[in-house]
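Visitor: need the 3D shape of this:
(one chain, ligands or ions: 1)
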Amino acid sequence: MEFTSKRYDFRNKDADYASLAEELTGLLAGEQDLVANAANTAALLFDALPDINWAGFYFLRARKGLDGELVVGPFQGKPACVRIPLGKGVCGTAAATRKTVVVRDVHEFPGHIACDAASRSEIVVPLIKGDTLMGVLDIDSPLLARFDDADRRGIERLAAIFVAGSAGPLSVDE
Ligand code: SME
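Guide: Numbers count the residues shown, from 1 in each chain. Below is the predicted model of the structure:
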């Protein structure tokens with residue numbers, strides 16, 4: 001398979017996110033595997049979105065007798081912290097509240113977990129299938145205030161395509 005991503009300048013964000021949504025739908029068509037789809041989604045976003053330095057997934061893993069926690073999944077960018085408790089950092093906050101979190105300046109977000117010192121702003125979208133929290137999609141940027149409301153709408157749409165096209169959460173850790 002040869003994949004050539006379209007080039008976007010995001011001058012018209014709604015139009016470019018709509019086109020990217022079509023690309024993602026095509027990329028995931030016919031495949032439900034969670035890790036495979038997460039890997040290709042992260043690769044597409046990292047390639048297509050300008051001014052980002054990390055794009056990828058944290059999945060919710062339950063542990064017997066303990067609260068669930070987020071564990072890093074497929075991503076593009078620098079190596080990242082592996083486990084994030086629910087409620088901690090931007091990812092854990094988005095997971096616990098089940099709401100998208102857009103952080104204008106990570107230095108002003110209490111409890112932000114720095115994986116790449118270059119990151120200045122961030123968006124985290126919770127992934128919810130039916131009533132079940134699967135995890136989060138996390139995108140970081142080296143620019144201050146990189147993500148506006150059009151980015152939030154567009155990235156939430158991409159996350160919904162990933163959720164609809166991918167199998168449910170991973171198994172329980174022993
Ligand atoms: N900044 C995130 C941690 C994950 S990395 O950005 C890849 C957070 O505060 O949850």
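
Visitor: so Val103 sits right up against Ser121, yeah?
Guide: Yes. Contact criterion Cβ atoms under 8 Å: Val103 and Ser121 qualify, at 5.9 Å. Heads up, the C-betas are built off the backbone N, CA and C, glycines and all.

Visitor: Ala21 sits in which helix or strand?
Guide: Using DSSP states H and E, Ala21 sits within helix 13-28.

Visitor: now do that helix: which elements does it pack against?
Guide: helix 34-48, helix 149-164 (3 or more Cβ pairs under 8 Å, 6 or more residues apart in numbering; DSSP states H and E).

Visitor: out of these, deepest packed?
Guide: Counting by mean count of other Cβ atoms under 10 Å, helix 34-48 has the highest mean neighbour count of those, with a mean of 19.

Visitor: for the chain, what lies in contact range of the ligand?
Guide: When proximity is defined by Cβ under 6 Å from any ligand atom, the chain lies next to the ligand at 54, 80, 84, 89-92, 112-113, 115, 119, 122, 138, 140.

Visitor: now the chain against the ligand: closest residue?
Guide: Sorted by distance to the ligand under Cβ to the nearest ligand atom, the residues of the chain start with Gly89, at 2.7 Å.

Visitor: confidence score at that residue?
Guide: pLDDT recorded at Gly89 is 97.
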